[in-house]
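Novice: Next input, structure requested:
(4 chains)
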There are 4 protein chains.
Amino acid sequence: MYMQNPVFIPGPTNMPEVLRRAADMPTLDHRSPRFAEILHPALAGVRKVIKGASSEVFVFPSTGTGGWETAITNTLSPGDTVLAARFGMFSHRWIDMCRRHGLNVELVEEAWGNALPIEAYEARLRADRQHRIKAVLATHNETATGVRSDIAAVRRALDAANHPAMLFVDGVSSIASMDFRMDEWGVDIAVTGSQKGFMLPVGLAIVACSPRAMDVMADAKLPRTFFDIADMRARYADGAYPYTPSVGLLNGLKLATEMLLTEGLDNVFARHRRIAEGVRAAARAWAMPLCATRPEIASDTVTAVMTPQGFDATRLVAHASTKYDVAFGVGLGEVSGKLFRIGHLGSLSDVMALSGIATAEMAMADLGLPITLGSGVAAAQEHYRSTQAAEARLAA
Amino acid sequence: MYMQNPVFIPGPTNMPEVLRRAADMPTLDHRSPRFAEILHPALAGVRKVIKGASSEVFVFPSTGTGGWETAITNTLSPGDTVLAARFGMFSHRWIDMCRRHGLNVELVEEAWGNALPIEAYEARLRADRQHRIKAVLATHNETATGVRSDIAAVRRALDAANHPAMLFVDGVSSIASMDFRMDEWGVDIAVTGSQKGFMLPVGLAIVACSPRAMDVMADAKLPRTFFDIADMRARYADGAYPYTPSVGLLNGLKLATEMLLTEGLDNVFARHRRIAEGVRAAARAWAMPLCATRPEIASDTVTAVMTPQGFDATRLVAHASTKYDVAFGVGLGEVSGKLFRIGHLGSLSDVMALSGIATAEMAMADLGLPITLGSGVAAAQEHYRSTQAAEARLAA
Amino acid sequence: MYMQNPVFIPGPTNMPEVLRRAADMPTLDHRSPRFAEILHPALAGVRKVIKGASSEVFVFPSTGTGGWETAITNTLSPGDTVLAARFGMFSHRWIDMCRRHGLNVELVEEAWGNALPIEAYEARLRADRQHRIKAVLATHNETATGVRSDIAAVRRALDAANHPAMLFVDGVSSIASMDFRMDEWGVDIAVTGSQKGFMLPVGLAIVACSPRAMDVMADAKLPRTFFDIADMRARYADGAYPYTPSVGLLNGLKLATEMLLTEGLDNVFARHRRIAEGVRAAARAWAMPLCATRPEIASDTVTAVMTPQGFDATRLVAHASTKYDVAFGVGLGEVSGKLFRIGHLGSLSDVMALSGIATAEMAMADLGLPITLGSGVAAAQEHYRSTQAAEARLAA
Amino acid sequence: MYMQNPVFIPGPTNMPEVLRRAADMPTLDHRSPRFAEILHPALAGVRKVIKGASSEVFVFPSTGTGGWETAITNTLSPGDTVLAARFGMFSHRWIDMCRRHGLNVELVEEAWGNALPIEAYEARLRADRQHRIKAVLATHNETATGVRSDIAAVRRALDAANHPAMLFVDGVSSIASMDFRMDEWGVDIAVTGSQKGFMLPVGLAIVACSPRAMDVMADAKLPRTFFDIADMRARYADGAYPYTPSVGLLNGLKLATEMLLTEGLDNVFARHRRIAEGVRAAARAWAMPLCATRPEIASDTVTAVMTPQGFDATRLVAHASTKYDVAFGVGLGEVSGKLFRIGHLGSLSDVMALSGIATAEMAMADLGLPITLGSGVAAAQEHYRSTQAAEARLAA
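Specialist: All right, here's what the predicted structure looks like:
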């Protein structure tokens, strides 16, 4: 098991060695002043990456799921209502969490492969005259279906309905890879993790809060201690933590944000789009539709490719792993067996992407799918060679 | 900032390079069968280290504090009563968490520096005829005061009172460094983290549950999702996680348990005791009392040294850090300013311990304490040279 | 500069992380007994890899070039004659070294792209009635032209001519990747380095000597100290070195040989052949000839692809590096500008090889060569998917 | 074998993690332009560290011994005479090398423990009216005896004798730790390695040449290829090497020089002196003389401590290694068994030095030497606490 091939799961991503090393620190006393020199730049860096100058950022030794829990337990009380749409496995799980924490979920069901249903959201908000809905949940990028939703439009729906609900966004597989505008979109809480666009190991829940989200916390009655933002905030003032922090991962986060900002966020997003477009060109060459029902909602971080009816796409993923030692993502929940996913976020070059496309082709041919070897590769090659690599620009 | 000196905080500890490397893995698909080859041996290894063959072990991407929250939220319901003693900062914090989660705490105050008050516990349990007390909390090693408590005696108290309450033990700074007997002591939940006796980076909450603790979970009404054991257990069966696991740290945990078991738990405990005895000999040579009020309760993982009245021990810690780049622990809470702590758990040799003792002496002399340079070192040297190093045995 | 793409130069190769870590050791006292526990298994491992049970192996902190110098200075005297063929840049350089050390070179010129001229060798040996020729030089794998020569045939030529000359073989880019039979072929000195088939960083010259080579050393008059084998041998007996050894690289060499032998040498060679055949299939699909003039002499570690007349292949290499951050090898010496080289030795998977082939196609298309994108990839895919990956076998 | 204790051998030294990581690079194509971005700054950095602005620096994949061979083979011809003094194992070995390469050594024997005999040198030079002596060899720091010699005085002797011989200096255990002035002292060739003051792994021979040394090379008749400076120089102009370079170690050398120059050479030298003075204070407290016969010639990088007559100091080193896992240096050659050596160059703090001193005390006590435990530690503590740590200055 040499693990020399890149992974093509939609996170955890391939990690640049420099970030692995930043995260793999010798023990530093987290009560010493040196810790603040790691913590504060990391938080400031995240604020820039999410374009949330007015926000406060909190980082927990946890994962994106812990970030969701942080969002709801710090702002809501048992019996509160949230508006949410289920249109993929990750939106499904967030809804499930809300219910388990005693929240009432105003649920909008949407076909998996579609984006967040803005009109339905607006209708529900308009109908909620008493403003029972305290928060609107929005999954920016549904990792299960490879679908990007329009968060700005959710904000517009809220404004159009003149509704005071807060806007909570799951940006786990979008932030740091796709454009995210905390302040401009009026996001109240944004959640992500360390192991996606920040290209780090798993282990950090990153939660950004608007001033308004900060304001409501005192009244939130859901119990919380580990994920309590007030405790965290109180200690941050001293450059400290309410318990032992993940110093190494925070050091990695500091460097990751520096790297992303040095590259330039627009360049980072363009780089992800370019890689994604090559993968989508391959899928077109294979004549296989995406799960994303419209081109304009296709995600730039993960592509979910629908396989022909009667074919078990999960076998494809297992086969690629066993025979070629390459990891793709399986279909989850409603789309289980119907699609496989090619993750292309984080640290990935066009050259690496081509190896993933080529492997997918071999695996499909092995399992009898009517694929022309090299066809998807050629389509992606054409795209990559006709566009300027971000890496080349970066090195220039 | 080369960070070349060992740290002498009571966790995170100095880490063996081999464990840092095990934890710093390239990305592995956590949905592949390879993950189970990491997860299951890690869990089995922990069970052996805690002598809890009958227990089930769960590992969350979190910290020891998250482990406490896991313990209470999976087994208790709002309004439930727990019996707890406050005799140091960490027992204090666990009590605070219980209250914030709506539990009723039957509180026993004990002087900081004393061990867990077994007789008071037994009295409270006997008095609780209706068995309102659902769980008894016990801090095995109070990291703040350097005091080890007798968990077997807590079990005896429960049995003597014929009380059915569960026994929850904070083993954060004891497990894997001092003897811990999950099954024999009838512990229902034991909690620890990755960054102490397991010598790994921060980032894992490790929670072991007795069959009885597993049984009560279905009825526990405290809300939980991230820390839900039932979810975790369901996915473990498939070698998977309910969300993204910290694969690298789990890989480190697997290796850490292998290393500890290969060395032999008795050797591990003897090694910690030997190092600790050298540190205590140094304190005696300095004529400075320990915070631990009796020799037999002095911790083998951290020594809290009381400084003379009128001296601010926190200055000592700051001075050692600034001038010598060596980290000791400050006094916390009630003992703030009154003591400094020398952590000596995890990956530490006698030779490294001597450098910490020597540094403490320099810092004390610098700040005007009436110390004879070399006196503590000589006492520790005498102890170390007259006992056989575990390392030497290991290499033999 | 993230350096995330594999390299496709014929060494230094891509390195498995486990070998990088073995080579990156903390400082170990090379005068302690622990050093012998690294040195002796490393030497024994090399002997097995080269199938040279009767040989003695010596490792110098140097490179393959230093290994050549070791070979000649320890066995020859000024004015001695060696028989050598020039048929590529590396055979050329060895000849140049001999002359600079005052040796007389009986030179056979052979077209670059051909293998070592066995018949010419035999003729020269037969003609040398006085046995002036003390050593025959043979480059097993000409890295510059991608040509493998038949060392067994050289031995047969020596035997047919009944000539006592020693046989010195440059196995730098063959050993540990292609079959090498020190004893069976009657090789007297074999030379390689750490950074090719052993997949380690640069820094070791590895020299294996037959009993006969050992015997003649006392009479060899070329001056030597750093490369003196007698000094090295004398200290090896004590598990020591005549000067400071590269402990980390030796530790890496120990592990590399363990890995190769665990995989099985036949599997290692088959793996290299399988990867190479995919690359050669790609070249055929491109309708570009190899520099190797006959299929049966094509190297399994590097493929030299001739580009059309009038095209400067060096531009291709520069372009692939600049635009795609992928390193190929340029043509050297007589074949400069006429070919580019795809290295495929050491740590390389079929999936990685496909990314190199795909990149070469993009670069060729960019520079106007009449290439069908995906054509070479498809040919290689067909080969790879129809053959069983060694990795898969290994994991099974 | 955790290898967690510092080493106290006079090289290879303890390595800062940041330098180990710089040296442990993924494979970079050494024929790409990126290599020049490593090579040239590394060479320029060395020139600054040795204060040799007029010199040219060459780096070979080898060791200090290879550096000596480079010095003589590139500048001298068989039968040439060199003037050399034998006053320790390393000066002895260099002399031996000269003889094996056919040079005539004008030998001055000096007691081991004394410095280079300047007056004897001057006398021999004055007596050499025909200027047969082509080069004067000088060992700046005799690692075997812990003796620093006065290179400026050798230059004055040459000048006083009006003798044109070149001055070759072995700076292996002095350069980058003690002041070295290539230009001011008129040094013609200076030699060092990577594993001492540069705090890197073994593997580089670093050779600096004055313009005059460069001038004589064309006439030097000693055979050389691997160590040929003209080849190296020709390729450096293109940012390349005549063979495969140790890219990782060169990258480490680049960073090491940056770190040293950022700290400030005067600070680096003061840091070594401060650590050394603490070790010497310990030896005085033990009432054990140094091998260095006068205080002003005691080395700042290694202290050789004479043990009482009848005691086998080599046992002490073995015992410290076996029982405490701490490496000291043994006596070599004439002083074998009579002394042990405490190396204190490279990456070492006062705190680490104290652990070495404390360990030496334990080992001496164990073996029956009449030592007061803690006595040397106290003397060193007094020195360290009364002087300002370089680390503290650096962090300020």
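Novice: only C-alpha atoms for contact and neighbour calcs from this point on.
Specialist: Noted.
Novice: For the closest residue to chain C within the stretch 151-300 of chain A, give me its contacts.
Specialist: The nearest approach of the stretch 151-300 of chain A to chain C comes at A:Met259, 10.7 Å away (Cα to the nearest Cα). With contact set as Cα atoms under 8 Å, 6 or more residues apart in numbering or on different chains, A:Met259 has no partners.
Novice: Give me the distance from the helix or strand containing it to the chain's centre.
Specialist: Assigned by DSSP states H and E, A:Met259 belongs to helix A:247-263. Chain-centre distance of helix A:247-263: 17 Å, with Cα atoms, centre = their mean, to the nearest Å.
Novice: neighbours around A:Asn141, how many?
Specialist: 32 (other Cα atoms under 10 Å in any protein chain shown).
Novice: Using the three-state scheme, assign A:Ala379.
Specialist: Put simply, A:Ala379 is helix when judged by DSSP: H, G, I helix; E, B strand; the rest coil.
Novice: so who does it touch?
Specialist: A:Ala379 touches A:Gly278, A:Ala281, A:Ala282, A:Ala285, counting by Cα under 8 Å, 6+ apart.
Novice: A:Leu222 now?
Specialist: A:Leu222 is in contact with A:Ile72, A:Thr73, A:Asn74, A:Thr75, A:Leu76, A:Ser77, A:Pro78, A:His101, counting by Cα under 8 Å, 6+ apart.
Novice: The residue nearest the centre of chain A sits in which helix or strand?
Specialist: Computing the C-alpha centroid of chain A and ranking residues by Cα atoms, centre = their mean puts A:Ser173 first, at 1.3 Å. Here A:Ser173, judged by DSSP H and E, is contained in no helix and no strand.
Novice: Please report how far it lies from A:Leu261.
Specialist: Distance of A:Ser173 to A:Leu261, given as Cα to Cα, to the nearest Å: 18 Å.
Novice: Can you give me the buried ones in the helix holding A:Met259?
Specialist: Using 16 or more other Cα atoms under 10 Å in any protein chain shown as the test for burial, helix A:247-263 gives A:247-261, A:263.
Novice: Which one of these is nearest to C:Pro308?
Specialist: Using Cα to Cα, A:Glu263 is the member of the buried residues of helix A:247-263 that lies nearest C:Pro308, at 38.5 Å.
Novice: The stretch 151-300 of chain A against chain D: which residues are in contact?
Specialist: Counting by Cα under 8 Å from any Cα of the partner chain, no position of the stretch 151-300 of chain A is adjacent to chain D.
Novice: near chain B, which residues of the stretch 151-300 of chain A show up?
Specialist: Residues of the stretch 151-300 of chain A lying near chain B (Cα under 8 Å from any Cα): A:201-203, A:223-226, A:243-248.
Novice: again, 6 Å this time
Specialist: Residues of the stretch 151-300 of chain A lying near chain B by Cα under 6 Å from any Cα of the partner chain: A:Val202, A:Pro223, A:Phe226, A:Ser246.
Novice: Narrow the residues you listed to just the buried residues.
Specialist: A:Val202, A:Pro223, A:Phe226, A:Ser246.
Novice: Excluding chain neighbours, what is closest to the first one?
Specialist: Pointing back at A:Val202 there. Excluding its sequence neighbours, the residue lying closest to A:Val202 (Cα to Cα, 6 or more residues apart in numbering or on different chains) is A:Gln195, at 4.8 Å.
Novice: got the contact list for the one you found?
Specialist: A:Pro12, A:Pro201, A:Val202 (Cα atoms under 6 Å, 6 or more residues apart in numbering or on different chains).
Novice: Pull out the buried positions in stretch A:107-121.
Specialist: A:Trp112, A:Gly113, A:Asn114, A:Ala115, A:Leu116, A:Pro117, A:Ile118, A:Tyr121.
Novice: So what are the sheet partners of whichever strand or helix holds A:Ala85 and their directions?
Specialist: Per DSSP H and E, A:Ala85 falls inside strand A:81-86. Strand partners for strand A:81-86, identified by DSSP bridges, are recorded as strand A:104-109 (parallel), strand A:133-139 (parallel).
Novice: Work out the gap between the first one and the centre of the chain.
Specialist: Pointing back at strand A:104-109 there. With Cα atoms, centre = their mean, you get 22 Å for strand A:104-109.
Novice: just checking, A:Lys221 touches A:Asp80?
Specialist: No: when contacts are counted by Cα atoms under 6 Å, A:Lys221 is not listed as touching A:Asp80 (10.0 Å).
Novice: what about those two, which has more around it?
Specialist: For A:Lys221 against A:Asp80, the residue with the higher neighbour count under other Cα under 10 Å is A:Asp80, and the figures read 19 against 16.
Novice: With adjacent residues omitted, what lies nearest to that one?
Specialist: Nearest non-adjacent residue to A:Asp80, counting by Cα to Cα, 6+ apart: A:Leu103, 5.2 Å away.
Novice: quick one: that neighbour and A:Val82 touch, right?
Specialist: No: A:Leu103 is beyond contact range of A:Val82, at 7.2 Å (criterion: Cα under 6 Å).
Novice: More neighbours: these two, which one.
Specialist: Between A:Leu103 and A:Val82, counted using other Cα under 10 Å, A:Val82 has the larger neighbour count: 25 against 20.
Novice: Tell me the one among the buried residues of stretch A:107-121 nearest to chain B.
Specialist: Nearest member of the buried residues of stretch A:107-121 to chain B, counting by Cα to the nearest Cα, is A:Trp112, at 20.2 Å.
Novice: I'd like the distance between A:Leu83 and A:Ser246.
Specialist: 33 Å.
Novice: Now A:Val326, what are its backbone angles?
Specialist: Backbone geometry at A:Val326, expressed as degrees, to the nearest 10, gives phi -120, psi 130.
Novice: what number of residues lie near it?
Specialist: Neighbour tally, A:Val326, other Cα under 10 Å: 24.
Novice: and what of the one 10 residues further on?
Specialist: One way to gauge burial is a neighbour count; for A:Ser336, by other Cα under 10 Å, it gives 14.
Novice: Tell me the pLDDT of the closest residue to A:Lys134 other than its chain neighbours.
Specialist: Among residues not flanking A:Lys134 along the chain, A:Ala165 sits closest, at 4.6 Å (Cα to Cα, 6+ apart). At A:Ala165, the model reports a pLDDT of 98.
Novice: A:Ala165 contacts A:Ala135, correct?
Specialist: Yes: the criterion here is Cα under 6 Å, and A:Ala165 meets it with A:Ala135 at 4.8 Å.
Novice: Nearest residue to A:Asn162 in space, please, no chain neighbours.
Specialist: A:Arg126 (7.8 Å).
Novice: Touching, that neighbour and A:Ala161? I think so.
Specialist: Yes: assessed by Cα under 6 Å, A:Arg126 is found in contact with A:Ala161 at 5.0 Å.
Novice: how far away is whatever residue of the stretch 101-250 of chain A ends up closest to chain D from A:Pro33?
Specialist: Residue nearest to chain D within the stretch 101-250 of chain A: A:Gly248 (14.6 Å; Cα to the nearest Cα). A:Gly248 is 15 Å from A:Pro33, where distance means Cα to Cα.
Novice: hang on, the earlier thing: count residues in the vicinity of the residue nearest to A:Lys134, would you?
Specialist: A:Ala165 has 20 nearby residues by other Cα under 10 Å.
Novice: Out of the strands paired with strand A:81-86, which is the most enclosed?
Specialist: Most buried of those by mean neighbour count (mean count of other Cα atoms under 10 Å in any protein chain shown) is strand A:133-139; its value is a mean of 24.
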